[in-house]
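K.L.:
here are the coordinates; sequence isn't available:
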């Protein structure tokens, strides 16, 4: 499908963003190492933010910061996607911190980062 | 009376503030603070419900009186108010029903964190119910995830840590997919408020442009929220998380947290895409099929459990299946059935988990079926509550569970022929399976000798919670018609 391919190439930012999202998603799902899972999570979120930022950018326009009193909306890009990216980064920082803290506690207890091994060890102990 | 309009927003902010105060107080004080403030939010939600029923309408509350593209909005109608009332009430009851376990299971000095998380969870549930903005919904979905994971891990044992990790990872996968859906939808429509998106979606749909992206968006959002609410093929994290947490956490997670995400999905179906688009895109067919599979497979898996709490957790998977079958019916009656099931399960499952906690108290902390033999005779209140809950789950008339089965069957009859046959057959099979695994447990808890272990003197909160749960369950069964009417009116006011 040449038209399909052409679309992929013209929107290369979005294509790249979705590829990054896919890489992150698969590593978060598939990797057994907890740290690699966390890296995957950050890949996934970065892909999403790239997608949003690319969607919000209009070629040739300025960041929406008014310095010289010129408030003509056709000169600036839409500020909402950037705001969403910032909010999203805050969310992803907090979940990453939570997951890292959990990983520390698991490592202290089981001395491994392999989630399957940890699951097996946890099953053997009584709660 | 107009002041009531501020209440939905205030309930969100009050429970957030309560979380902050709980974080800096000692355990006992935090407990009193949390229960009192959440009871206050319950009273406020109840007055909102009465207000919306009296005015028979819905209203939109603009934050800071900013208009649409700049400001954020929350929307309140009878359905939202009913859900908020039920959820805050069940929250308070679940906390008081498992209070002794919270203090026993949490590490010394960390009890206040439990109440902090419970308050944050309530706040995010309120926000998910009321919000009119997709990105706000995403943010609160994440807050909900973090708070509920923290509720699981505060009972610190190796097992809960592993369960939390798996729960968190699955939840994050789900929210990643949901956010991707929101972002693509924002790319297509350029809006985030539900009504504005709905207008654009109708335009796009009628022109036929962007039909593939629209299907992808509906698919991503449905799958994302289905992972988080443990629909059948994505349920693997649930039994560990719900089975190993402390009694109140299991009650709250099963009864409320799963439902919060489904409410968001219902809002998206109704207020963002509209039923017409959803039916045309055929994504909900998958939800129907997986819902049916969940009803059967969840019950079959529950049959094989030897651990009471894990059995209840698998039963939750089956019950979530009922909700998704309602969503996949393609009709208003199906949506009504889904909402009734959300409410009925929200008042039944926490009661079962709290009584399981009661059984564990009188069985030396064990929760296997063999250990709890005769536990219903040692703790009569928990035994009675468990019996009521099990009857409701099986679907005996005059209990809450019967209402949902009736509503679901009505929805099925109004649907097309294949759906009707499959759904009715699944309801019958699932009812039989429910009976097969709940009835032996009832016999088990009342059989055997009373044993030497005496029940500890019951706490006032525990007795109150159990009593209220039982009364609520029967009341729900008796006043099904009125509740269904409120739900139907609420869905009509959703528009479309």
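P.N.:
Ah, there it is. Being a predicted model, the structure only gives us computed values, none of them experimental.
K.L.:
For chain B, see how far away residue A:119 is.
P.N.:
Here residue A:119 is placed at a distance of 5 Å from chain B (CB to the nearest CB, to the nearest Å). Every C-beta, even on glycine, is put in place using the N, C-alpha and C of the backbone.
K.L.:
who does the helix or strand hosting that residue touch, helix- and strand-wise?
P.N.:
Residue A:119 belongs to helix A:115-124 when assigned by DSSP states H and E. Packing contacts for helix A:115-124, counted by 3 or more CB pairs under 8 Å, 6 or more residues apart in numbering or on different chains; DSSP states H and E, involve helix A:80-110, helix B:158-189.
K.L.:
which of these is buried the deepest?
P.N.:
Comparing those by mean neighbour count (mean count of other CB atoms under 10 Å in any protein chain shown), helix B:158-189 ranks first with a mean of 24.
K.L.:
ok, back up a step: now the helices and strands packed on helix A:115-124 as TSV including distance to residue A:37 and mean pLDDT?
P.N.:
Converted to TSV, the helices and strands packed on helix A:115-124 look like this (distance: least, CB to CB, whole Å; pLDDT from 0 to 100):
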stretch	distance to residue A:37	mean pLDDT
helix A:80-110	8	90
helix B:158-189	6	90
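K.L.:
Neighbours of residue A:75, how many?
P.N.:
12 (other CB atoms under 10 Å in any protein chain shown).
K.L.:
right, and it touches residue A:58 too?
P.N.:
No: contact criterion CB atoms under 8 Å: residue A:75 and residue A:58 do not qualify, at 10.1 Å.
K.L.:
of all the helices and strands packed on helix A:115-124, which lies closest to residue A:28?
P.N.:
Closest of those to residue A:28 is helix B:158-189, at 5.9 Å (criterion: CB to CB).
K.L.:
close to chain A, is the closest one?
P.N.:
Yes: for helix B:158-189 and chain A, the contact criterion (CB under 8 Å from any CB of the partner chain) is met by B:158-162, B:164-166, B:168-169, B:172-173, B:176-177, B:179-180, B:183-184, B:186-187.
K.L.:
Next up, the contacts around the residue nearest the centre of chain A.
P.N.:
For chain A, residue A:45 is the residue whose C-alpha lies nearest the centre (CA atoms, centre = their mean; 0.9 Å). Contacts for residue A:45 (CB atoms under 8 Å, 6 or more residues apart in numbering or on different chains) come out as A:24, A:88-89, A:92, B:176.
K.L.:
change it to 7 Å
P.N.:
The contact partners of residue A:45, taken as CB atoms under 7 Å, 6 or more residues apart in numbering or on different chains, are A:88, A:92.
K.L.:
Provide the secondary structure category for it.
P.N.:
helix (DSSP: H, G, I helix; E, B strand; the rest coil).
K.L.:
What pLDDT is listed against it?
P.N.:
On pLDDT, residue A:45 comes in at 92.
K.L.:
Pull out the buried residues from the one helix or strand residue B:205 maps to.
P.N.:
Per DSSP H and E: residue B:205 is located in helix B:194-207. For helix B:194-207, a neighbour-count test (16 or more other CB atoms under 10 Å in any protein chain shown) marks B:194, B:196-198, B:201, B:204-205 as buried.
K.L.:
and if you look at stretch B:215-226?
P.N.:
Buried residues in stretch B:215-226, defined by neighbour count with 16+ other CB under 10 Å: B:216-226.
K.L.:
Could you do stretch A:49-57 as well?
P.N.:
In stretch A:49-57, counting by 16+ other CB under 10 Å, buried: A:49-56.
K.L.:
Next: stretch A:113-127.
P.N.:
The neighbour-count check on stretch A:113-127 (16+ other CB under 10 Å) flags A:113, A:115, A:118-119, A:121-122 as buried.
K.L.:
What of stretch B:141-160?
P.N.:
Going by neighbour count (16+ other CB under 10 Å), the buried part of stretch B:141-160 is B:141-155, B:157-160.
K.L.:
Next: stretch A:56-68.
P.N.:
Neighbour-count burial for stretch A:56-68 flags residue A:56 (criterion: 16+ other CB under 10 Å).
K.L.:
what's next to the helix holding residue A:119, contact-wise?
P.N.:
A:32, A:34, A:106, A:110, A:112, B:158-159, B:162, B:165.
K.L.:
Could you identify the most distant pair in those?
P.N.:
The span of these, defined through CB to CB, is set by A:32 and B:159 at 18.8 Å.
K.L.:
My read is that residue B:332 contacts residue B:491, right?
P.N.:
Yes: if you go by CB atoms under 7 Å, residue B:332 and residue B:491 touch, sitting 6.5 Å apart.
K.L.:
and the two? which has more neighbours close in?
P.N.:
Neighbour count, other CB under 10 Å: between residue B:332 and residue B:491, residue B:491 has more, with 21 against 15.
K.L.:
got a list of what residue B:390 touches?
P.N.:
B:438, B:441-442 are the contacts of residue B:390 under CB under 7 Å, 6+ apart.
K.L.:
Now flag whichever of these is closest to chain A.
P.N.:
Ranked by distance to chain A (CB to the nearest CB), the contacts of residue B:390 are led by residue B:441 at 20.6 Å.
K.L.:
Neighbours of the closest one, how many?
P.N.:
21.
K.L.:
what's it sitting at in phi/psi?
P.N.:
With angles defined as degrees, to the nearest 10, residue B:441 sits at phi -70, psi -40.
K.L.:
any weak-confidence spans in chain A?
P.N.:
Within chain A, the stretches with pLDDT under 70 are A:1, A:126-127.
K.L.:
near chain B, which residues of it show up?
P.N.:
Within chain A, the positions near chain B by CB under 7 Å from any CB of the partner chain are A:21, A:25, A:28-29, A:37, A:41, A:44, A:48, A:51-52, A:55, A:84, A:87, A:91, A:94-95, A:98-99, A:102, A:105-106, A:109, A:115, A:118-119, A:122, A:125, A:127.
K.L.:
again, only this time at 8 Å
P.N.:
Checking chain A against chain B by CB under 8 Å from any CB, the hits are A:21, A:24-25, A:28-29, A:34, A:37, A:41, A:44-45, A:48, A:51-52, A:55, A:80-81, A:84, A:87-88, A:91, A:94-95, A:98-99, A:102-103, A:105-106, A:109-110, A:115, A:118-119, A:121-123, A:125, A:127.
K.L.:
and the closest residue to chain A within the stretch 201-350 of chain B, what is it in contact with?
P.N.:
Relative to chain A, the nearest point of the stretch 201-350 of chain B is residue B:244 (6.0 Å; CB to the nearest CB). Residue B:244 makes contact with A:127, B:152, B:155, B:157, B:159-160, B:163, B:309 under the criterion CB under 8 Å, 6+ apart.
K.L.:
Over to residue B:470?
P.N.:
Listed by CB under 8 Å, 6+ apart, the contact partners of residue B:470 are B:351, B:384-385, B:388.
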